[in-house]
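In: Quick one: sequence plus predicted model below, questions after.
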Amino acid sequence: MTSINVTKDGITNTMISSLEFAIAAFPVAEGYSHEEFVPEEITLLATEVAVNAKDWRNKELKSSDWIVQIPDHPEKAAYTTYRVALRDWPSTSDFPATKPTL
């Protein structure tokens with residue numbers, strides 16, 4: 001579900017549905033146009049969530065910096081893998097919903 005602006009004769013109405021449903025209910029052949037959009041409030045919230053997630057990630061990286069500097073640390077391999085996952089996380093489809101785990 002998303003927000004759809006449906007316009008005809010200069011009058012725009014907004015509905016919450018899939019774009020496919022909006023087109024089926026208000027056909028282009030009858031003069032309707034359709035525009036899918038994300039409300040500004042949702043965009044701002046998503047941006048805030050992403051910023052908070054990156055802050056958390058940066059703190060996790062900083063708090064584990066010392067471990068990777070110790071060649072014989074018993075958990076060095078696990079932390080190295082974790083840190084790679086942290087660095088890659090913002091470019092994955094799981095971001096920001098699912099945090100990497102150690």
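Out: Perfect, thanks for sending it.
In: which other helices and strands contact the lowest-mean-pLDDT helix or strand in the chain?
Out: Across the helices and strands of the chain, mean confidence by mean pLDDT, DSSP states H and E is lowest for helix 40-63: a mean of 86. Secondary-structure packing of helix 40-63 (3 or more Cβ pairs under 8 Å, 6 or more residues apart in numbering; DSSP states H and E): helix 76-88. (C-beta placed from N, C-alpha, C; glycine too.)
In: Can you name every helix or strand that the helix it packs on contacts?
Out: helix 40-63, helix 65-68.
In: Need the three-state assignment for the residue in the chain sticking out farthest from the centre.
Out: Outermost residue of the chain with respect to the C-alpha centroid, by Cα atoms, centre = their mean, is D72; its distance is 37.5 Å. Secondary structure state of D72, per DSSP: H, G, I helix; E, B strand; the rest coil, is coil.
In: I'd like the helices and strands packed on helix 76-88 laid out as CSV, including distance to L86 and mean neighbour count.
Out: Listed next are those as CSV, based on distance: least, Cβ to Cβ, whole Å; neighbours: other Cβ atoms under 10 Å:
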stretch, distance to L86, mean neighbour count
helix 40-63, 5, 12
helix 65-68, 12, 13
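In: Any idea which of those gets closest to I11?
Out: Nearest to I11, of all the helices and strands packed on helix 76-88, is helix 40-63, at 21.6 Å by Cβ to Cβ.
In: List the contacts of the closest one.
Out: Contact with helix 40-63 is made by Y82, R83, L86, R87, W89, P90, F95, P96, K99, as judged by Cβ atoms under 8 Å, 6 or more residues apart in numbering.
In: shouldn't the fifth one be in contact with A97?
Out: I take that to be W89. No: W89 lies out of contact with A97 (Cβ atoms under 8 Å); the separation is 10.4 Å.
In: Neighbour count for those two, which is higher?
Out: Ranked by neighbour count (other Cβ atoms under 10 Å), W89 and A97 place W89 first, with 19 against 9.
In: hang on, the earlier thing: Produce a PyMOL select command limited to the buried residues of the contacts of helix 40-63.
Out: Buried residues within the contacts of helix 40-63, by 16 or more other Cβ atoms under 10 Å, are selected in PyMOL with:
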select buried, resi 82+83+86+89+95+96
